[in-house]
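In: what follows is a predicted protein model with its sequence.
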Amino acid sequence: MKTRFVTLFWFLYQFLLIQGNPDETRLVKKLLTNYNKLVRPSAEPNQTIDIFLTFKHFEFINVDEKKNMLTSKVWIELNWNDFYLRWNPEDFGGIQNLTLPSPLLWQPDLYMMNSMDAMPNVGDDVFAIIDSTGKVFMIKPGTYNSNCQINVWKWPYDFQNCSMEFMPWAMMKEQIRIVEIEELNNKNIDSFSSSNEEWSVEAAYQYWIHKNFEPYGVYTSVALTVEMKRSSNFYVANLIFPFIIISSLVISGFLLPPDNGEKVTLGVSVLLGITFFSHTLVDSLPVSQTMPLVGIYCSIVMVMILVCILCNVIIVHINTWKPSKGNAWHLKLIRLLLCSKSQRVPSSVNVDKRNTNIGIPELKDFDVVSWKEVAACLNSVCFFGFSSTFILVTAIFFIVLVA
């Protein structure tokens, strides 16, 4: 289909030339008669053709984070010297430049090495501008799908660096050579933009790479690296903040009295809600060997919620215990650590059965531990402890994330 289109376009072009400038008509016939686009246009068989490749414009379209694929539009400027496309302007009415369809001319076989497609050639078919010295100039726009490894460590405040590398594929270095342009090395290209609301392009610069392919020697390629910044407002407002708010609700369970069984129900409900948000976060993140910081934070918070539920279960259970009396060391330790109030109760309420015939009560007193007070004290300690831990973990998370 493409061959038919080029052939039809060529006949149309020839018809317009016949109706147009006769000097241009003669020039086109002279240049393309016996011209073979399959043959390298060099003056000598062993002469290397120098290819000048630069990037003029980059437009970000989309990035598929699941596939690690960057889709973009790139304008590539190419120029080289074609020995068979030279003429004397005086012989053709002073014509200095000529425009021809690029499919009619020899072109270097440049490919994108990290393409996600089936090795597409550089750019689309365009018109080429040729001057009388044989210099061929063209700007080839193209849409490319390139591999881009996404680093999700600081998602959604992440920066991504994606590169596209172009180099000859079939021809040897003795046949064509990409020339390095020192003044453009590691410099931003002329223009770059983004048509995607989630990402903004911060920089786009080109540089030349020299690779040694044994035993063929050193080859030169051209790479375009793009620095992109994600807009985090959407994810922070719709995922992270709701996650933090729902997670903090589990701490409010310690504000309920110890005899309220809804403390455990509240914790389980919060855990179910956090599990839902975790699945939503997983769907938003690409598969990566690096665990994102937000994933670590979610894991820590879920562990804290689980511990809170266990603490509430223990508090509710302790609240059901009957008061204990005695002077054992573990009862004294509980009173000391939990600041539980103890009561001195005379032992006369518990008369020794062996002395019932005498009727004299024991004079020894006992300390009574009220487990309801222990549960209430544990409730307060857990509230302040988990509140402080949650605030500290969340503050550290945002400091590291935004830094």
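Out: The structure has been received and is ready for your questions. Numbering: from 1, shown residues only.

In: distance check, Ile130 against Leu53.
Out: Distance from Ile130 to Leu53, counting by CB to CB, to the nearest Å: 18 Å. Placement of C-beta: from N, CA and C, glycine included.

In: repeat for Ala375
Out: Distance of Ala375 to Leu53, computed by CB to CB: 76 Å.

In: what ranges in the stretch 301-403 of the chain fall below the confidence cut-off?
Out: Per-residue confidence for the stretch 301-403 of the chain (pLDDT under 70) gives these ranges: 323-370.

In: now with 90?
Out: Applying pLDDT under 90 to the stretch 301-403 of the chain flags residues 301-302, 305, 308-387, 400-403.

In: need the helices for it, in chain order.
Out: For the stretch 301-403 of the chain, the helices defined by DSSP state H, counting those that start in this stretch occupy 329-338, 371-402.

In: which elements pack onto the last one?
Out: Judged by 3 or more CB pairs under 8 Å, 6 or more residues apart in numbering; DSSP states H and E, helix 371-402 is in contact with helix 241-248, helix 293-319, helix 329-338.

In: what's near enough to touch Ala204?
Out: Neighbour list for Ala204: Phe55, Phe58, Asn188, Ile189, Phe192, Leu224, Thr225, Val226, Glu227 [criterion: CB atoms under 8 Å, 6 or more residues apart in numbering].

In: Ile251 is nearest to which of the helices of the stretch 301-403 of the chain?
Out: Closest to Ile251 of those is helix 371-402 (CB to CB; 5.2 Å).

In: now do that closest one against helix 241-248, angle only.
Out: Interaxial angle of helix 371-402 relative to helix 241-248 (axes from the mean of the first three to the mean of the last three CA atoms, to 10 degrees): 160 degrees.

In: now do the buried residues in helix 371-402.
Out: Using 16 or more other CB atoms under 10 Å as the test for burial, helix 371-402 gives 371-379, 381-383, 386, 390, 394, 397, 401.

In: ok, stretch 160-170 next?
Out: Neighbour count says stretch 160-170 has Gln160, Cys162, Ser163, Met164, Glu165, Phe166, Met167, Pro168 buried, by 16+ other CB under 10 Å.

In: with stretch 191-200 instead?
Out: Phe192, Ser194, Asn196, Glu198, Trp199.

In: narrow those to those in strands?
Out: Per DSSP state E, strands hold the following members of those: Phe192, Ser194, Trp199.

In: and these as TSV, adding distance to Thr275 and pLDDT?
Out: Output for these, formatted as TSV (distance: CB to CB, whole Å; pLDDT from 0 to 100):
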residue	distance to Thr275	pLDDT
Phe192	41	85
Ser194	35	83
Trp199	30	89
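
In: Met69: which of those is nearest?
Out: Trp199 (13.5 Å).

In: can you pull the contacts of the closest one?
Out: Counting by CB under 8 Å, 6+ apart, Trp199 has contacts Phe60, Val63, Gln160, Met228, Lys229, Arg230, Ser231.

In: from those residues, which would you call buried?
Out: Judged by 16+ other CB under 10 Å, buried ones among the contacts of Trp199: Phe60, Val63, Gln160, Met228, Lys229, Arg230.

In: which among those residues gets closest to Gln175?
Out: So of the buried ones among the contacts of Trp199, ranked by how close each gets to Gln175 (CB to CB), first place is Phe60, at 34.3 Å.

In: many thanks, I have nothing further to ask.
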